[in-house]
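Participant: Here's my sequence, what's the structure:
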Amino acid sequence: MSIVLARGKTVPGRLAAALLALGLLLTGCAGTPDHDPTKDWSAARFYTEAREALRNGEFQQAITHYETLESRFPFGRYAQQAQLEVIYAYYRFDEPDAAIAAADRFIKINPLHPYVDYAMYLKGLANFNRGVSFLDRWLEDQYSRRDPKAARQAHADFAELVRRFPDSRYSAEALKRIAYLRNSLAENEIHVARYYVKRQAWVAAVGRAKHVLENFPRTPAVPQALAIMVEGYRALGLGELEADAARVLELNYPDLAGQLAQP
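Facilitator: Next up, the predicted model:
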């Protein structure tokens with residue numbers, strides 16, 4: 001097969017077939033109808049569908065609808081509400097980075113919004129659950145052994161919420177999580193201190209224990225920190241400091257003090 005071009009020139013068979021196929025492909029693409037079922041949706045329709053997907057646990061679909069709503073209708077109450085609700089959708093979809101980014105964006109754009117406290121609370125929750133498996137959420141000891149970076153950020157998020165909105169409906173729950181995080185962060189320091197004790201790195205072990213006393217007072221980790229300090233000072237030959245730590249331990253936690261091995 002060949003194609004006759006202008007002025008009597010011809011195109012070889014293989015090239016002619018390729019050109020013909022390309023022409024048919026382009027014609028087909030040009031005639032393909034738009035199959036986007038949402039092309040005629042209003043902002044209200046997008047919002048309704050997103051909320052329905054959210055209620056049904058279809059978080060990815062909800063995210064798609066919220067983001068498309070804001071893209072096509074960037075102004076108005078529906079877009080603003082979509083910016084808020086997509087934070088929760090990302091949080092439930094176990095995408096903490098996206099949830100935190102969406103929360104930061106909402107807080108920056110809408111600092112006076114009546115639900116900005118909710119955005120701050122969701123940001124704290126996203127950090128609180130970052131890197132925590134289902135089992136970790138039931139085992140506090142395991143929770144305290146994870147990388148404390150996200151826990152520190154969650155603590156800061158909840159503390160900021162309580163500071164800015166002390167009367168918020170989310171502040172009471174934030175305070176509970178702050179207390180839990182303080183205990184977990186303190187226990188994490190004890191885990192590290194014990195690691196140093198096993199390796200007889202006494203200066204480092206005592207330093208971690210002192211950090212607990214200075215930054216996490218009134219937590220369950222305090223007596224353990226004091227015990228590590230007694231052991232560490234004894235190993236370092238710092239008798240006066242050992243006696244001071246032992247005295248505080250005996251005064252406040254006599255049962256634990258009695259369990260310490262005597263030199």
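
Participant: From here on, just use CA atoms for contacts and neighbour counts.
Facilitator: OK.

Participant: Could you pull out the helices in the stretch 1-150 of the chain for me?
Facilitator: Along the stretch 1-150 of the chain, counting by DSSP state H, counting those that start in this stretch, helices occupy 13-30, 43-55, 59-72, 77-92, 96-109, 116-128, 140-144, 148-164.

Participant: Then the stretch 151-263 of the chain?
Facilitator: With DSSP H, counting those that start in this stretch as the criterion, the stretch 151-263 of the chain has helices spanning 171-198, 202-215, 222-236, 239-252, 254-259.

Participant: Point out the most buried one among those helices.
Facilitator: helix 222-236 (a mean of 23; mean count of other CA atoms under 10 Å).

Participant: elements contacting that one?
Facilitator: Identification of packing neighbours for helix 222-236 by 3 or more CA pairs under 8 Å, 6 or more residues apart in numbering; DSSP states H and E yields helix 171-198, helix 202-215, helix 239-252, helix 254-259.

Participant: redo that, cut-off 7 Å
Facilitator: helix 202-215, helix 239-252 (3 or more CA pairs under 7 Å, 6 or more residues apart in numbering; DSSP states H and E).

Participant: Redo those helices as a markdown table? Include mean pLDDT.
Facilitator: Conversion of the helices and strands packed on helix 222-236 to a markdown table gives the following (pLDDT from 0 to 100):
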| stretch | mean pLDDT |
| --- | --- |
| helix 202-215 | 97 |
| helix 239-252 | 94 |
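
Participant: Now distance to H191 too, for the ones you listed, in a markdown table please.
Facilitator: As requested, these are arranged in a markdown table below (distance: least, CA to CA, whole Å):
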| stretch | distance to H191 |
| --- | --- |
| helix 202-215 | 9 |
| helix 239-252 | 19 |
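
Participant: Determine which of those approaches G232 most closely.
Facilitator: helix 202-215 (5.2 Å; CA to CA).

Participant: Which residues does the closest one contact?
Facilitator: Around helix 202-215, the neighbours that count as contacts under CA atoms under 7 Å, 6 or more residues apart in numbering are 186, 189-190, 193-194, 196-197, 222, 225-226, 228-229, 232, 236.

Participant: how many other residues sit next to R51?
Facilitator: Neighbourhood size, R51 [other CA atoms under 10 Å]: 23.

Participant: who touches stretch 110-118?
Facilitator: Against stretch 110-118 from outside (CA under 7 Å, 6+ apart): I107, L161, F165, S168.

Participant: between those residues, which is nearest A201?
Facilitator: Out of the contacts of stretch 110-118, the member with the shortest distance to A201 (by CA to CA) is L161, at 38.9 Å.

Participant: Quick one: closest of the helices and strands packed on helix 222-236 to V86.
Facilitator: Using CA to CA, the helices and strands packed on helix 222-236 put helix 202-215 closest to V86, at 35.5 Å.

Participant: what angle do that closest one and helix 171-198 make?
Facilitator: Here helix 202-215 points in a direction 160 degrees away from that of helix 171-198 (axes from the mean of the first three to the mean of the last three CA atoms, to 10 degrees).

Participant: Centre of the chain to helix 202-215, how far?
Facilitator: Distance, stretch centre to chain centre, for helix 202-215: 28 Å (CA atoms, centre = their mean, to the nearest Å).

Participant: Kindly reformat the contacts of helix 202-215 as JSON lines containing pLDDT and distance to A179.
Facilitator: Shown next, in JSON lines, are the contacts of helix 202-215 (pLDDT from 0 to 100; distance: CA to CA, whole Å):
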{"residue": "A186", "pLDDT": "96", "distance to A179": "11"}
{"residue": "E189", "pLDDT": "95", "distance to A179": "16"}
{"residue": "I190", "pLDDT": "96", "distance to A179": "17"}
{"residue": "A193", "pLDDT": "97", "distance to A179": "21"}
{"residue": "R194", "pLDDT": "96", "distance to A179": "23"}
{"residue": "Y196", "pLDDT": "97", "distance to A179": "26"}
{"residue": "V197", "pLDDT": "97", "distance to A179": "27"}
{"residue": "V222", "pLDDT": "96", "distance to A179": "14"}
{"residue": "A225", "pLDDT": "97", "distance to A179": "18"}
{"residue": "L226", "pLDDT": "96", "distance to A179": "20"}
{"residue": "I228", "pLDDT": "96", "distance to A179": "23"}
{"residue": "M229", "pLDDT": "97", "distance to A179": "24"}
{"residue": "G232", "pLDDT": "97", "distance to A179": "28"}
{"residue": "L236", "pLDDT": "95", "distance to A179": "34"}
